[in-house]
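Trainee: When you get a sec, could you give me coordinates for this:
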Amino acid sequence: MTARDSKQHNLPASGRRRALRDIIPPSEAIGTAPAALPMPEPTPPEPAVITVAEPAVFHDPKPARGPKDVPEFLRRHAARSPDGHVDRAWQAPPRRRISQKAYWIAGALAVLMAGLAVPTFLLSSLRITVVPKLLYQSADFAFTADVEATTLDTARRVVPALAVTLDRTVDAEFEATGSQFVRERARGTVRIYNAFSTAPQPLVATTRLQDGEGRIYRLVAGVVVPGATQKDGALVPASVTAEVIADEPGEKYNIGPTDFSIPGFRGTPRYQGFHAKSEGSIEGGFEGQARVVTAADITRASEELSARAVEELNVELAAKVPNREDFLIPDGGRYAAVTNIKHPPADARADRFVMTVSATGKLWAISRAHIAELVTAHLLPAPAPDAQIVIPNAQERLTVSGGLGTPDATEARFTLSGELAYYQAFKTDTMAASLKSAAPGQAIETLLGRPEVGEVRVKRFPRWLWFTPQRADGFLIAVEPPAA
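Mentor: Model (predicted):
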């Protein structure tokens, strides 16, 4: 500061000591009020002039800020300056601008947060599959199946039975294996007419019939030829059929349809009134070496065809059961027997022969639901409050013994023995309601803590889901039957 400045502001010059003077003269006593002096008129202060040194010159690439960016204390100082100028050296530092990269990062973070929030809170789902534990119960349980019963009687252990009865006939051709010298007579059927009188005419067995070439055939059994009838004054012949056999073996007796006379009536009026006609060929006559049916052929064919008849009968019986998934067919609940076998006699001449077997069968089917209800009441422990007992159809460790005594029986005794497989199927709606307020991990621990649960599988979306969705379709519990 210059000497001039010091003079203007009544300041001592540089290097000079300041003089200290008392405000109250020492001659005046302390406590004595001085005489009142007139107050001088206040002199207005001279305006202060502040000279700011020239700032260092620098180049600012950013434009100067407007008046609004100047701090308040500088604006007050500018108001006191003669020209109101505020130097840039006193202005606030420039505000930092946000780069375009920062905007991209902020946008990416916003998209990422939205991508995480939408699947987490709007599309989240939790699927829990519970596989019950397959349990086994020792069984030695007898019950009665009754075809006349209509309802289950758990106290008496009586279950209704469905009875199916069926007949089956099968036939097949087999090869003859025997060989021997054969003498066979031809056979056939003829019709004998009575045009002699209205009286019936008996003919005994072995009565001879002769064709036009003199070949003799005999009646196999006796017959009675009915009497003729009168119509408009004339006789209308009556007739009867009869089986005949050639008088001698040989192929010459094999003939087609022809007329016959009765030699026994020759020389009497009956000879013209009685005659016969063959209705078809008379054949089978043979004499010589030929293949024949042996007893062993008959036995072999009978066993083979009987087994086939019974097998086909059982298949047809099983097909008559309404639904195999709902009904159990015990091994002892089947009955099949051969009732008739037709075959040629032993030593009959034939290259091949036909055998016919007739069989009848009966099958009893028992409802699986009835058996399950019966054994649940007598054998199995009570299930959990939110579960029910399920007995699988496949029971590899269980056998059902007993069976039908006769085909006409109306009831049969059966016994379950071995180990009965079962599991507890949970009521999913009840379980879902109890677990919906728990976290997924807590729900899994709760399920695995139950002794009747064998396995728990969880499928969640998204993978980071930490809560149980409360939407109607967001939380689902399913029960999967255990593998047998």
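Trainee: my guess is Ala149 meets Leu162, correct?
Mentor: No. Using Cβ atoms under 8 Å, Ala149 is not in contact with Leu162, being 10.7 Å away. For the C-beta atoms, the positions are set from N, CA and C on the backbone; glycine is no exception.
Trainee: okay, and the common contacts of these two?
Mentor: Overlap of the contact sets of Ala149 and Leu162 (by Cβ atoms under 8 Å, 6 or more residues apart in numbering) is empty.
Trainee: quick one: Ser278 from Thr428, how far?
Mentor: Distance, Ser278 to Thr428, using Cβ to Cβ, to the nearest Å: 83 Å.
Trainee: now swap in Thr406 and tell me
Mentor: 48 Å.
Trainee: Which one's more surrounded, those two?
Mentor: Thr428 (15 against 9; other Cβ atoms under 10 Å).
Trainee: Give the residue spans of the stretch 1-150 of the chain that score low on pLDDT.
Mentor: Residues of the stretch 1-150 of the chain that meet the criterion pLDDT under 70 lie in 1-98, 103, 112, 114-123.
Trainee: again, only this time at 90
Mentor: 1-130, 139-141 (pLDDT under 90).
Trainee: Could you tell me how many residues sit around the closest residue to Glu184 other than its chain neighbours?
Mentor: Excluding its sequence neighbours, the residue lying closest to Glu184 (Cβ to Cβ, 6 or more residues apart in numbering) is Phe286, at 4.6 Å. By other Cβ under 10 Å, the residues close to Phe286 number 17.
Trainee: Next: the one 5 residues further on.
Mentor: As a burial measure, the neighbour count of Arg291 was computed by other Cβ under 10 Å and equals 16.
Trainee: what's across from it in the sheet?
Mentor: Taking DSSP bridges as the rule, Arg291 bridges to Ser179.
Trainee: From Glu175, how far out is it?
Mentor: Distance of Arg291 to Glu175, computed by Cβ to Cβ: 9 Å.
Trainee: Now list whatever residues contact both of the two.
Mentor: Common neighbours of Arg291 and Glu175 (Cβ under 8 Å, 6+ apart) are Asp351.
Trainee: So for the nearest residue to Lys342 once chain neighbours are set aside, what's the pLDDT?
Mentor: Excluding its sequence neighbours, the residue lying closest to Lys342 (Cβ to Cβ, 6+ apart) is Thr356, at 4.2 Å. Thr356 carries a pLDDT score of 97 in this model.
Trainee: again, but for the one 4 residues further on
Mentor: Here, the pLDDT recorded for Thr360 equals 91.
Trainee: My read is that it contacts Glu316, right?
Mentor: No. Assessed by Cβ under 8 Å, Thr360 is found out of contact with Glu316, at 11.6 Å.
Trainee: so which helix or strand takes in Leu420?
Mentor: strand 411-426 (DSSP states H and E).
Trainee: What strand or helix carries Phe174?
Mentor: strand 158-175.
Trainee: do you know how far Ile128 is from Val310?
Mentor: 51 Å.
Trainee: higher neighbour count, the two?
Mentor: Ile128 (23 against 19).
Trainee: Next up, the contacts around the more buried one.
Mentor: Per Cβ under 8 Å, 6+ apart, neighbours of Ile128: Leu435, Ala443, Ile444, Leu447, Val456, Arg457, Val458, Lys459, Leu476, Ile477, Ala478.
Trainee: now Phe143
Mentor: Contacts of Phe143 by Cβ under 8 Å, 6+ apart are Arg157, Val158, Val159, Ile371, Leu374, Arg413, Phe414, Thr415, Leu416.
Trainee: isn't the last one right up against Arg397?
Mentor: No. Here Leu416 lies out of contact with Arg397, judged by Cβ under 8 Å, at a distance of 11.0 Å.
Trainee: So the two - more neighbours on which side?
Mentor: When Leu416 and Arg397 are compared for neighbours, Leu416 comes out ahead with 21 against 14, by other Cβ under 10 Å.
Trainee: mind listing what that one touches?
Mentor: Neighbours of Leu416 in contact, by Cβ under 8 Å, 6+ apart: Ala139, Asp140, Phe141, Ala142, Phe143, Ile371, Val375, Leu398, Thr399, Val400.
Trainee: Leu235: how many residues sit nearby?
Mentor: 16.
Trainee: Confirm for me that it is in contact with Gly227.
Mentor: No. Between Leu235 and Gly227 there is no contact under Cβ under 8 Å: 9.1 Å.
Trainee: joint contacts of these two?
Mentor: Shared contacts of Leu235 and Gly227 (Cβ under 8 Å, 6+ apart): Ser197, Thr198.
Trainee: those helices in the stretch 201-350 of the chain, which residues are they?
Mentor: With DSSP state H, counting those that start in this stretch applied, the stretch 201-350 of the chain shows helices at 270-273, 295-319, listed in chain order.
Trainee: so which of those comes closest to Val190?
Mentor: Val190 sits nearest to helix 270-273 of all those, at 16.5 Å, using Cβ to Cβ.
Trainee: Okay, now the unreliable bits of the stretch 351-484 of the chain?
Mentor: In the stretch 351-484 of the chain (pLDDT under 90), the answer is 361-369, 371-412, 416-417, 420, 424-484.
Trainee: where along it do the helices fall?
Mentor: 368-378, 428-435, 440-448.
Trainee: Please work out which of those helices is packed deepest.
Mentor: Of the helices of the stretch 351-484 of the chain, the one with the most neighbours on average (mean count of other Cβ atoms under 10 Å) is helix 368-378, at a mean of 18.
Trainee: export that helix as PDB, just CAs?
Mentor: C-alpha atoms of helix 368-378 as PDB (Å, rounded to 0.1, in the frame of the first residue of the first chain):
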ATOM      1  CA  ARG A 368     -58.400-103.900  -6.600                       C
ATOM      2  CA  ALA A 369     -60.100-101.000  -4.800                       C
ATOM      3  CA  HIS A 370     -62.000-103.500  -2.600                       C
ATOM      4  CA  ILE A 371     -58.800-105.400  -1.800                       C
ATOM      5  CA  ALA A 372     -57.100-102.100  -1.000                       C
ATOM      6  CA  GLU A 373     -59.900-101.000   1.300                       C
ATOM      7  CA  LEU A 374     -59.900-104.400   3.000                       C
ATOM      8  CA  VAL A 375     -56.200-104.700   3.700                       C
ATOM      9  CA  THR A 376     -56.100-101.000   4.700                       C
ATOM     10  CA  ALA A 377     -58.700-101.600   7.300                       C
ATOM     11  CA  HIS A 378     -57.000-104.800   8.700                       C
END
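Trainee: Against which helices or strands is it packed?
Mentor: strand 135-146, strand 158-175, strand 327-328, strand 387-390, strand 411-426 (3 or more Cβ pairs under 8 Å, 6 or more residues apart in numbering; DSSP states H and E).
Trainee: at 10 Å what do you get?
Mentor: With contacts defined as 3 or more Cβ pairs under 10 Å, 6 or more residues apart in numbering; DSSP states H and E, helix 368-378 has these neighbours: strand 135-146, strand 158-175, strand 327-328, strand 352-367, strand 387-390, strand 411-426.
Trainee: Same list (those strands) but as a markdown table, adding distance to Leu380.
Mentor: Below are these laid out as a markdown table (distance: least, Cβ to Cβ, whole Å):
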| stretch | distance to Leu380 |
| --- | --- |
| strand 135-146 | 6 |
| strand 158-175 | 16 |
| strand 327-328 | 17 |
| strand 352-367 | 17 |
| strand 387-390 | 6 |
| strand 411-426 | 6 |
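Trainee: between those, which gets nearest to Val240?
Mentor: strand 352-367 (28.6 Å).
Trainee: Give me the angle between that closest one and helix 295-319.
Mentor: Relative orientation of strand 352-367 and helix 295-319, computed by axes from the mean of the first three to the mean of the last three Cα atoms, to 10 degrees: 30 degrees.
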